[in-house]
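1. I need the structure of the sequence given here:
(one chain, ligands or ions: 1)
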Amino acid sequence: MGDTQTATWAVPGRLEGYVHRLASMPARARLASKMHYLDFLGDVHRRLDPGTYLEIGVRNGKSLALASCPSIGIDPAYNITVDLDPAAVLERTTSDDYFARPDACASVGGQIDLAFIDGMHLFEFALRDFVNVEKHCSWSSIIVFDDVFPSRADIAARDRHTWEWTGDVFRIVEVLRAYRPDLTLILADTKPSGLLMVTGLDPQSTVLEATYDEIVGRHVRPDPQPVPPSIRRRAGAVDPSAFLASGVLEMLRVGRDTGSRSATLAEVAATVGALGR
Ligand SMILES: C[S@@+](CC[C@H](N)C(=O)[O-])C[C@H]1O[C@@H](n2cnc3c(N)ncnc32)[C@H](O)[C@@H]1O
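-> Numbers count the residues shown, from 1 in each chain. Predicted coordinates:
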């Protein structure tokens, strides 16, 4: 009976439906219900309804196929095995070479509403990808990183020697927290290796570029890559279903259209804070 009892504590209105559904699930189902990152990203697309999408690291096209808007997929070695939206443009090149072009992102009008960074799984590559993508974002855009929660040092190694491989991308979390406190960071407890969503972006910011060498000097370390306990236990990550039901993506979608930056980001922060565990 304890497993299926309905929750009776007070929760914010928009979370009520989710909490009741969760509370009525048997405990075992709840534990087994961690969401796959592709299911999560599919719902992000539906709720945010981005006008444009950019992806770094396409491989077979499974995450790019979630986009139903004008999009750009960048990967030097893609091999598409799924149907893509006809408005998808594929670029067979590295992300660094793509962003060195003067007309980067011109095929979608220069502005990116949603981006997924899932290319080379080394910290400094992910950092450069963020710097380059942010220049094409507005404050309400979202940049998502894959692979921020490696479970062990083996898969976090810079020199890949396992099938499952996150590399040391997880270091992006501490670096953005330290160097860009102006950003809103949201960690999601998706399987297999977690996601980081970043919003409240500033395309004019030069902080990361100006301190790039210092950051890389401090944060890139030779293998092995011991995974900090906070990363192993996914500290601060939101439950994916609760996040999707929270209304944050709809707030950013409305914010994108009406432009109320500070009010929207304050509401996003309060809502995400209420999801904390
Ligand atoms: C993990 S896969 C991407 C998976 C895809 N995002 C998905 O979820 O279905 C990583 C991809 O990044 C690509 N890649 C590696 N280095 C890259 C770089 N410097 N720039 C862009 N893509 C890169 C690889 O070719 C590989 O296809």
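2. from here on, contacts and neighbour counts on C-alpha atoms
-> Will do.
3. longest single strand anywhere in the chain?
-> Criterion DSSP state E: the longest strand present in the chain is strand 137-146.
4. now for that strand, which elements pack on it?
-> Secondary-structure packing of strand 137-146 (3 or more C-alpha pairs under 8 Å, 6 or more residues apart in numbering; DSSP states H and E): strand 112-117, helix 123-134, strand 195-199, helix 248-258.
5. That one: partners in the sheet, and parallel or antiparallel?
-> strand 112-117 (parallel), strand 195-199 (antiparallel) (DSSP bridges).
6. Comparing the helices and strands packed on strand 137-146, which comes out most buried?
-> For the helices and strands packed on strand 137-146, the largest average neighbour count (mean count of other C-alpha atoms under 10 Å) is found in strand 112-117, namely a mean of 25.
7. quick one: that one to chain centroid distance?
-> Its chain's C-alpha centre and that of strand 112-117 lie 9 Å apart, by C-alpha atoms, centre = their mean, to the nearest Å.
8. And for stretch 266-277?
-> So, by C-alpha atoms, centre = their mean, the centroid of stretch 266-277 is 17 Å from its chain's centroid.
9. pull the CA atoms of stretch 119-136 into CSV?
-> Presented in CSV, the C-alpha positions along stretch 119-136 are these (Å, rounded to 0.1, in the frame of the first residue of the first chain):
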residue,chain,number,x,y,z
GLY,A,119,31.1,15.5,-30.8
MET,A,120,34.6,14.9,-29.6
HIS,A,121,34.4,13.8,-26.0
LEU,A,122,37.3,15.8,-24.7
PHE,A,123,36.8,18.7,-22.3
GLU,A,124,38.6,21.3,-24.4
PHE,A,125,36.7,20.4,-27.5
ALA,A,126,33.4,20.6,-25.7
LEU,A,127,34.5,24.0,-24.3
ARG,A,128,35.3,25.4,-27.7
ASP,A,129,32.1,24.0,-29.1
PHE,A,130,30.2,25.9,-26.4
VAL,A,131,32.1,29.2,-27.1
ASN,A,132,31.4,28.9,-30.8
VAL,A,133,27.7,27.9,-30.4
GLU,A,134,26.9,30.6,-27.8
LYS,A,135,27.8,33.3,-30.3
HIS,A,136,24.8,32.2,-32.4
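10. Could you list the low-confidence segments of the chain?
-> With pLDDT under 70 as the threshold, the chain has low-confidence stretches at 1-33, 277.
11. what residue lies at the spatial centre of it?
-> By C-alpha atoms, centre = their mean, the mean C-alpha position of the chain lies nearest to residue 144, the distance being 2.1 Å.
12. Quick one: check stretch 157-170 for contact with the ligand.
-> No. Shown here: stretch 157-170 not in contact with the ligand (C-alpha under 6 Å from any ligand atom), separated by at least 8.2 Å.
13. Just the CA trace of that stretch, in CSV.
-> Taking C-alpha atoms only, stretch 157-170 is exported to CSV below (Å, rounded to 0.1, in the frame of the first residue of the first chain):
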residue,chain,number,x,y,z
ALA,A,157,39.6,8.5,-19.9
ARG,A,158,40.9,10.9,-22.5
ASP,A,159,42.6,8.1,-24.3
ARG,A,160,39.5,6.0,-25.2
HIS,A,161,39.8,2.3,-24.4
THR,A,162,36.2,1.3,-23.6
TRP,A,163,33.0,1.0,-25.8
GLU,A,164,31.0,3.3,-23.6
TRP,A,165,33.0,6.6,-23.6
THR,A,166,32.2,9.9,-22.0
GLY,A,167,35.8,11.2,-21.9
ASP,A,168,36.4,14.1,-19.6
VAL,A,169,33.5,16.3,-20.8
PHE,A,170,32.2,16.3,-17.2
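14. Tell me the residues of the stretch 101-250 of the chain that contact the ligand?
-> So the stretch 101-250 of the chain meets the ligand at 118, 119, 120 (C-alpha under 6 Å from any ligand atom).
15. My read is that the first one contacts residue 56, right?
-> Yes. In terms of C-alpha atoms under 8 Å, residue 118 counts as a neighbour of residue 56; the distance is 5.5 Å.
16. The residue in the stretch 101-250 of the chain that the ligand sits nearest to - nearest residue in space that isn't next to it in sequence?
-> In the stretch 101-250 of the chain, the residue that lies nearest the ligand is residue 119 (3.4 Å; C-alpha to the nearest ligand atom). Excluding its sequence neighbours, the residue lying closest to residue 119 (C-alpha to C-alpha, 6 or more residues apart in numbering) is residue 57, at 3.8 Å.
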